[in-house]
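Chemist: sequence? don't have it. structure:
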């Protein structure tokens, strides 16, 4: 990510703006309310890092410049998607007048005490949400950075079984509820912040091993099962146009948005196309936004079914499109020595001054007219010469 920080950031930013605006605009044009349309656009912003990484690994392209940009942009894209989710969650709280969290409480108090604040409630609410989000991220990051490793050291001294994973899970839940109460953002944002700090902890391996089993053995299957239970594909009846248009927006938004950003950063059109294809797949963040929209009543049965179908279809399309894009020849790959130009196969006749000779026993006879010719090796790195009854090679 450091190698491609600027390019990855621009690709990620463009890959969030285009799908969000296109998704929200098209959704509203197709009859959805602005709140539902914005949630739909938010669900289209994030990219699945795992799908892109797995495809690049299988294609043997993890060391390519495009892979560096794709993976860096996908991670940044997910973080931006979380901020979009935080804004959407705050908007839902404002629209429904719910009083959970510090920001709504402070906003309501200011509106009661200050007359100008009561005249502009939306501005006050957004200002308080911005302050609370900033305080949560600064205080949460500083506290985890300062006290996490000392806490883990003390927990490892306990004789209780699995004391460290149990307390870490409790911390994850504490950060999740703190994100919703103090920061007025979705709980996943707080859990992500704690996970980000854990990534640099010296006890990362112990924690990662336990949570890998816990996650893949219980929590992740439960999440996908819950999404499946809330999806009813019979609800797509009469909404096929919405599904196909949103699928088109999901693909074009990433291809055009990320591709143009990469093209503007100095990459040729083939590399830009590869980056755009690698950013198409949606994943867990898109499903989380969908689940949140369903739980708050913003998404109906039809919208949930549409979004789950779009996530599945983009996940299936990405490996096919990405592998096809890597089959194309890139001018920059050839200039940087990462790919060889098209091999030149052919034969040239050069008359020999000496008379034809017989190849002798076991030899290779030359053509009757004494000509010689050479054939290119398929990899384009050498030639085989046939002349005067001998076979010689000039292979690099």
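Modeler: Perfect, I can see it now. Note that the structure is a prediction, hence the values are computed from the model and not measured.
Chemist: Kindly confirm my reading that residue 210 is in a helix.
Modeler: Yes. Checked against DSSP: H, G, I helix; E, B strand; the rest coil, residue 210 lies within a helix.
Chemist: so how many other residues sit close to it?
Modeler: When neighbours are counted by other CB atoms under 10 Å, residue 210 registers 16. C-beta here means a position set from N, CA and C on the backbone, and glycine is covered the same way.
Chemist: ok, it to residue 165 distance?
Modeler: 4 Å (CB to CB, to the nearest Å).
Chemist: quick one: low-confidence parts of the stretch 151-300 of the chain?
Modeler: 184 (pLDDT under 70).
Chemist: Buried residues, stretch 191-205. List them.
Modeler: 191, 192, 193, 194, 197, 198, 201, 203 (16 or more other CB atoms under 10 Å).
Chemist: all strands for the protein, in order.
Modeler: Under the criterion DSSP state E, the chain contains strands at 373-376, 382-387, 390-395.
Chemist: Relative to residue 290, how far out is residue 305?
Modeler: Using CB to CB, residue 305 is found at 10 Å from residue 290.
Chemist: Looking at the two, which has the bigger crowd around it?
Modeler: Taking neighbours as other CB under 10 Å, residue 305 and residue 290 compare with residue 290 leading, 27 against 23.
Chemist: how is this structure carved up into domains?
Modeler: 5-335, 342-396 (automatic domain parsing).
Chemist: which residues touch the residue lying closest to residue 324 once chain neighbours are set aside?
Modeler: Distances taken as CB to CB, 6 or more residues apart in numbering place residue 277 nearest to residue 324, at 7.7 Å, with adjacent residues excluded. Residue 277 makes contact with 255, 318, 321, 322, 324, 325 under the criterion CB atoms under 8 Å, 6 or more residues apart in numbering.
Chemist: Check these and tell me the two furthest apart.
Modeler: 255 and 324 (12.7 Å; CB to CB).
Chemist: Could you give me the buried positions within the top helix by length along the chain?
Modeler: When the chain is parsed with DSSP state H, its longest helix is helix 121-156. Under the neighbour-count criterion of 16+ other CB under 10 Å, helix 121-156 has 124-129, 132-133, 136-137, 140, 144, 148-149, 151-152, 155 buried.
Chemist: Next: stretch 243-250.
Modeler: Buried, per 16+ other CB under 10 Å, within stretch 243-250: 243, 245, 246, 247, 249, 250.
Chemist: what's that stretch in contact with?
Modeler: Outside stretch 243-250, the residues that reach it (CB under 8 Å, 6+ apart) are 19, 22-23, 26-27, 30, 40, 44, 236, 280, 282, 305-307, 309-310, 313-314.
Chemist: go again using 6 Å as the cut-off
Modeler: Applying CB atoms under 6 Å, 6 or more residues apart in numbering, the contact partners of stretch 243-250 are 22, 23, 26, 44, 236, 306, 309, 310, 313, 314.
Chemist: Look up the closest residue to residue 110, ignoring the ones flanking it.
Modeler: residue 117 (4.5 Å).
Chemist: count of residues packed around that neighbour?
Modeler: Applying other CB under 10 Å, we find 19 residues neighbouring residue 117.
Chemist: what do you get for residue 11?
Modeler: By the criterion of other CB under 10 Å, residue 11 has 34 neighbours.
Chemist: ok, it to residue 309 distance?
Modeler: From residue 11 to residue 309 the distance is 26 Å (CB to CB).
Chemist: Please apply the same query to residue 336.
Modeler: 40 Å.
Chemist: Next: residue 176.
Modeler: Residue 176 sits 28 Å away from residue 309, going by CB to CB.
Chemist: do residue 18 as well
Modeler: Residue 18 sits 21 Å away from residue 309, taking CB to CB as the criterion.
Chemist: neighbour-wise, which of those two wins?
Modeler: residue 18 (24 against 19).
Chemist: Wait, that one touches residue 255, no?
Modeler: No. The pair formed by residue 18 and residue 255 falls short of the contact definition of CB atoms under 6 Å, at 9.2 Å.
Chemist: Next up, phi/psi of residue 283, please.
Modeler: Backbone torsions of residue 283, given as degrees, to the nearest 10, read phi -150, psi -130.
Chemist: Likewise for residue 281?
Modeler: Dihedral angles for residue 281 - degrees, to the nearest 10 - are phi -70, psi 140.
Chemist: isn't it right up against residue 50?
Modeler: No. Counting by CB under 6 Å, residue 281 sits too far from residue 50 to count as a contact (8.8 Å).
Chemist: Those two: who's more crowded?
Modeler: Per other CB under 10 Å, whichever of residue 281 and residue 50 has more neighbours is residue 281, with 29 against 12.
Chemist: give the contact list for the more buried one.
Modeler: Counting by CB under 6 Å, 6+ apart, residue 281 touches 48, 51, 314, 315, 318.
Chemist: what's the distance between the residue lying closest to the first one once chain neighbours are set aside and residue 315?
Modeler: The one in question is residue 48. In this structure, residue 48 finds its nearest non-sequential neighbour in residue 283, 2.7 Å apart by CB to CB, 6+ apart. For residue 283, the distance to residue 315 (CB to CB) stands at 7 Å.
Chemist: Who has more neighbours out of those two?
Modeler: residue 283 (20 against 17).
Chemist: Neighbour-wise, which one of the contacts of residue 277 leads?
Modeler: residue 322 (27 neighbours).
Chemist: ok, and the closest non-adjacent residue to that residue?
Modeler: Ranked by CB to CB, 6+ apart and with sequence neighbours excluded, the top spatial neighbour of residue 322 is residue 277, at 4.6 Å.
Chemist: Next, find the distance separating the one you found from residue 132.
Modeler: With CB to CB as the criterion, residue 277 and residue 132 are 39 Å apart.
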